[in-house]
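1. Prediction below, plus the sequence it came from.
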Amino acid sequence: MASYTPTVSIDDPRTSTGGNGVLPPAWGGSGDNFGSPFFDVRLRRARLGLVVGLTGIAMIFISFTSAYVVRQGLPTLDPRTNVLLHDWFPVPLPRLLLINTGVLLISSVTMELARRQAARKAALAQLAAVPGVWADADERVSWLALSAVLGLSFLVGQWMAWRELGANGFHVSSSPSSSFVYLLTGMHGVHLFGGVVALLTAGVASMLRRPADSQSIVVDVTGWYWHFMAFLWVYILCLLEFVH
Amino acid sequence: MGLVLLLVIWLITFISAYFFIAKTWWLPTGASAAAAGIDHHFTTTYILMGIVFVAAQVFLGLFAWKYRDRAAASPARYSHGNNTLEIVWTVLTLILFVGLNLMSSSIWASERFRPAEPGALQVEVTGMQFAWYFRYTGADGKFGATKPELIDPSAGGESAIGLDTTDPASKDDVVTGTMYAPVNREVDVILRAHDVIHSFFVPSMRFKQDAVPGLAIHMHFTPITAGDYEIACAELCGLGHYKMHGMLKVVSQEEFDKWLTAREAEKQ
Amino acid sequence: MADGTGGRETIMATREIAAHEIHAHAAPQGFIRKWVFSLDHKVIGLQYYFLALTAVFVGMFLSLLMRIHLIWPNVPLPLLGEIKPETYLSLLTMHGTIMVFFVLTTAPQGGFGNYFLPIQIGAADMAFPVLNMLSFWITFIGYIVMLSAFLVVGGAPLHGWTGYPPLSALQSAGPGEGAGADLWVISIALFCVGALMSALNFITTTLDMRAKGMSMMRMPLTCWAWFITAILGLLAFGVLFSAGILLLLDRNAGTSFFVPLVVVNGQLAAHKGGSPLLWQHLFWFFGHPEVYIAILPAMGLCSQLVSVFSRKPIFGYKAMVYAILSIGLLGFMVWGHHMFMSGMSPYTAFAFSVMTMAIGVPSAIKTFNWLGTLWGGRIRFYSPMLFAIGFVSLFVSGGISGPFLAQPVLDIPLHDTYFVTGHFHLIMGVASIFGIFAATYYWFPKMFGRMMSESLARWHFWFTFIGTYAIFMPMHYLGMAGATRRYSQFTELAYLRDLIPLQKFITYAAIVTIAGQFIFLFNLFWSMKYGKKANDNPWEATTLEWTTATPPPHDNFGGRTPVVYNGPYEYSVPGAPRDYVMQTDPTTVAAH
């Protein structure tokens, strides 16, 4: 079957422009259209997928948290003295981490602006065919590019913080608390890097003039993912700093 | 086909049940104070669950045969279920399961929620790849220090557990490869492991407890019948797991004292 | 989204879409796009299925070697020579790991779930086809990495599928604990990633892509099972992934999450302060939901089959849904029952045992309802039904030994004995496999357009049903007599030597049963080419997959979007023209 030939009655009450009028279906190219020609359905589906996916990712960090709490409180039997001792000594965290946190929170703001910018672009793209309509009025700043740059800066900053920790004698295996510092920051960094890759993909897609609505779905989902990563980072920082 | 299913299911059920009832292969005779209670509860469980097992399989086979499709059969009964029945069998199952659990929990509590009695015999049981060592305190009632650096399994005995002979309390510690215990006296076992997780399992005593590195786990039991009882390791510990066994010899108090004295004499 | 109109709100506009404006789901051209990197959930489902098929034969072969070694420990085997104790343990570890992950977590969910969930809910594909394709290939790479553990220096790990540290964390703790163990962890980590991606797809698809009229309470129980299984996977695999990362760090980066101060062979290891019990908690928090992941799809299918082949609605559909939900929820609260003897607090053990007894209740309810469906039916003994009835019998047998183990006091003599091995093999190793067999016989006509041979299927059924009982029922007796698990031979303890005759019986039963599986393999491939041609609905069943062509077209419904009017189990409706009413049939609108 080379083409889809339905006569389909579909009930769809809303459009992404607020309910006035009907948007014609916008299709991406071949492949992944998330099973619907309608932008709002695809957006809803993508967001639902993101929420589900974030639940899975959250479980990873919840397990690490529980390992962290358990390990902190765990007495270990010193076989020499037959005495149970606690060997948890918190790691002094580099101040650089606070700067990195600031960078990440700012990137969350720029990411939100990027998300809205992409949505506007998608809506305006519908009117691009109409003569006399200026459809790209908002292109002064690419918030997307800025967010990607800030995200990368955060990751570079994390790397520098690792170097600082190492220089102060705190390596992965130095102590249980230092193991967790590297573990939690590392896992977060890996996931944030995934977000950066998604942003770069969206940026490349934009430069290649792919359909604006598919792009906006990618940017929307990445935006929410980004906010979750920022929240997760603050959570990790508080865990490392305050939970003893 | 329905009849064949009935016959095969019933046959499998009755053969399986037969071997349970005949106790062809069964728990070894209990030799500890706790065994009677555990065995009694085991019997209760297996009778009740056995009834459920046989009943379910019998009905399955019966229905497969009785409601087979054939020309003479009446149309299938169009029913989406029966809420009353659902509630009834849910409640009954809940009562059965929770009841069994509460009964067993009282035995569990009486065994595990209390430490050993004050006069119990202290035995430190250490598991390592692939042997068990047993340490007795001797006259001073104290265990001497052990140091991980001193552990040398190839030398056996005191070196295997890393006994620090410079510690005065170690002087009268007796380390053996065979466990001795006097009959009718509670044994307070202190379980340790050097390398990986092992498990100290004495089937006749209905005793099992993992020996975990980094922990010293106290557990107690009271042997009530003299005899020799095999000890098996019950947690996968490496290639020698199958041959990591020992022997528990339960003897009279006099024989135990004689044995211990003889071991201490050997140390001089 | 759980209302009766398939997830959409009140109608404000209706759109008629002209056919020629849409190029949805253009069928791919070319071998690579069609069969290798396909985005079609049906192809991906088959890819998962055939992956599991190779894995199950690998796993069975490993178990054959194990059983032979147990009763003839010193006899050299052709090509392999004499199997050493450590090799036995590697076979055991890989057998368990491959079977649990690459068979039981792959075929029912990734295989049949991928193929039939979208069709049964009336969708054209999964929500995220690219993600679907990626999840298969990541799983496949994980499988290759797992098998490669056999090939590295030291061979495959020997620490059991449960991988308890310190044994699994120390390279010096045994042969196979070097590179082989690292590959094992990496493979499992990859599997976790693939499973999480797949779970995402299943959940989104079930919630958001049901056709009009397909409310949640009109979904076939197979869909409910796949849906809840996906939720379990979503919440559990992340935890296993974390545990795997921690283990990898302990093994290679000198950390001590799980390893306290230990001395191996007289050498002090460079670890201290870690907790072996921490691994057990993390692993079993995943591990217990995992066994429900392995069984729920089979339970869903059993409900489907007893209904179809008794020509009766499933007894107590709502109760069945609640039972699946309870099993899913309680499944997260019982993990400690694997740890009664571990050194965990006895008070905690008591709490876990109460929850564990509780989870027996919904399983019992499902069994009563299957029996209730058979009662008063007109049973047709086609091969899918034989395996469904076999499933009920095996599920009862395997389930009954659960309440023994759930009570800590009885777990004292039974933990880590063959009683446990018998219990979980009957449930996972047989009942769940019967679900896979039943699904194959049932859906083969829809997938391949031909019927499998019924007579070969019957031979397969009897061989397997009787054979697996002969293998695994005696294990309960062995366990009660104290036969410990994971022993590579029974020659060292007197009471174990006494049990060797029964072990011999089990081995002979295993050889015969494994041989019988080749009947299935032959039937599967022979029927693809020579089986009797099947029409669109050979079983006269009501669910959506039987409304479409055989095999289904690329977008599942040939350009139509189905509209659902009835529940999935409308058989023998009084007054209806036939003894089954399709879900899409508007003319005979039944009670649901």
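-> Looks like it arrived, so ask away. Numbers count the residues shown, from 1 in each chain, chains lettered A, B, ... in the order given.
2. hmm, who's touching the helix or strand of chain B with the lowest mean pLDDT?
-> Counting by mean pLDDT, DSSP states H and E, chain B has its least confident helix or strand at helix B:157-160, which shows a mean of 89. Helix B:157-160 has contacts (CB atoms under 8 Å, 6 or more residues apart in numbering or on different chains) with B:126, B:128, B:131, B:133, B:150-153, B:165, B:170, B:173, B:175-177. In short, each C-beta sits where N, CA and C put it, glycine included.
3. As CSV, could you dump the C-alpha coordinates of that helix?
-> The C-alpha coordinates for helix B:157-160 follow below in CSV (Å, rounded to 0.1, in the frame of the first residue of the first chain):
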residue,chain,number,x,y,z
GLY,B,157,42.3,-23.1,61.8
GLU,B,158,43.3,-20.0,63.6
SER,B,159,45.1,-18.4,60.6
ALA,B,160,42.1,-19.0,58.4
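4. quick one: which of the contacts of helix B:157-160 is nearest to C:S488?
-> Nearest to C:S488 among these, counting by CB to CB, is B:A131 at 17.0 Å.
5. Show me what the helix or strand just after the least confident helix or strand of chain B is packed up against.
-> Next along the chain after helix B:157-160, taking DSSP states H and E as the criterion, comes strand B:174-176. Under the contact definition 3 or more CB pairs under 8 Å, 6 or more residues apart in numbering or on different chains; DSSP states H and E, strand B:174-176 sits against strand B:131-136, helix B:157-160, helix B:253-267.
6. okay, these, which one's buried deepest?
-> strand B:131-136 (a mean of 22; mean count of other CB atoms under 10 Å in any protein chain shown).
7. Mind giving me the packing neighbours of that strand?
-> strand B:121-128, helix B:157-160, strand B:174-176, strand B:179-182, strand B:245-251.
8. Mind putting the contacts of helix B:157-160 into JSON lines with pLDDT and distance to C:P568?
-> Listed next are the contacts of helix B:157-160 as JSON lines, based on pLDDT from 0 to 100; distance: CB to CB, whole Å:
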{"residue": "B:T126", "pLDDT": "96", "distance to C:P568": "60"}
{"residue": "B:M128", "pLDDT": "95", "distance to C:P568": "59"}
{"residue": "B:A131", "pLDDT": "95", "distance to C:P568": "60"}
{"residue": "B:Y133", "pLDDT": "96", "distance to C:P568": "63"}
{"residue": "B:L150", "pLDDT": "91", "distance to C:P568": "70"}
{"residue": "B:I151", "pLDDT": "92", "distance to C:P568": "64"}
{"residue": "B:D152", "pLDDT": "91", "distance to C:P568": "68"}
{"residue": "B:P153", "pLDDT": "89", "distance to C:P568": "63"}
{"residue": "B:T165", "pLDDT": "89", "distance to C:P568": "76"}
{"residue": "B:S170", "pLDDT": "90", "distance to C:P568": "73"}
{"residue": "B:D173", "pLDDT": "93", "distance to C:P568": "71"}
{"residue": "B:V175", "pLDDT": "95", "distance to C:P568": "68"}
{"residue": "B:T176", "pLDDT": "95", "distance to C:P568": "68"}
{"residue": "B:G177", "pLDDT": "94", "distance to C:P568": "65"}
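9. Quick check: buried residues in stretch C:520-535?
-> C:520, C:523-524, C:527, C:531, C:534 (16 or more other CB atoms under 10 Å in any protein chain shown).
10. Then stretch C:203-223?
-> C:203-216, C:218-223.
11. Can you check what pLDDT the model gives C:G273?
-> For C:G273, the pLDDT comes out at 88.
12. again but with B:A73, I slipped
-> What the model reports for B:A73 is a pLDDT of 83.
13. for the one 3 residues further on, same thing?
-> Each residue has a pLDDT score; the one for B:A76 is 91.
14. How far off centre is the longest helix belonging to chain C?
-> Secondary structure of chain C per DSSP state H: the longest helix is helix C:276-310. Relative to its chain's centre, helix C:276-310 lies at 7 Å (CA atoms, centre = their mean, to the nearest Å).
15. Over to stretch C:49-63?
-> The answer for stretch C:49-63 is 13 Å, by CA atoms, centre = their mean.
16. Give me the domain ranges for chain C.
-> According to automatic domain parsing, chain C comprises the domains C:35-274, C:535-592.
17. closest one to B:G81 among the ones you listed?
-> It is, among the domains of chain C and with distance given as CB to CB, domain C:535-592, at 10.4 Å.
18. about what we covered before: could you dump the helices and strands packed on strand B:131-136 to CSV with distance to C:Y322?
-> Shown next, in CSV, are the helices and strands packed on strand B:131-136 (distance: least, CB to CB, whole Å):
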stretch, distance to C:Y322
strand B:121-128, 46
helix B:157-160, 56
strand B:174-176, 58
strand B:179-182, 52
strand B:245-251, 48
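19. wait, which of those is closest to C:Q583?
-> Across the helices and strands packed on strand B:131-136, closest to C:Q583 is strand B:121-128 (CB to CB), at 60.0 Å.
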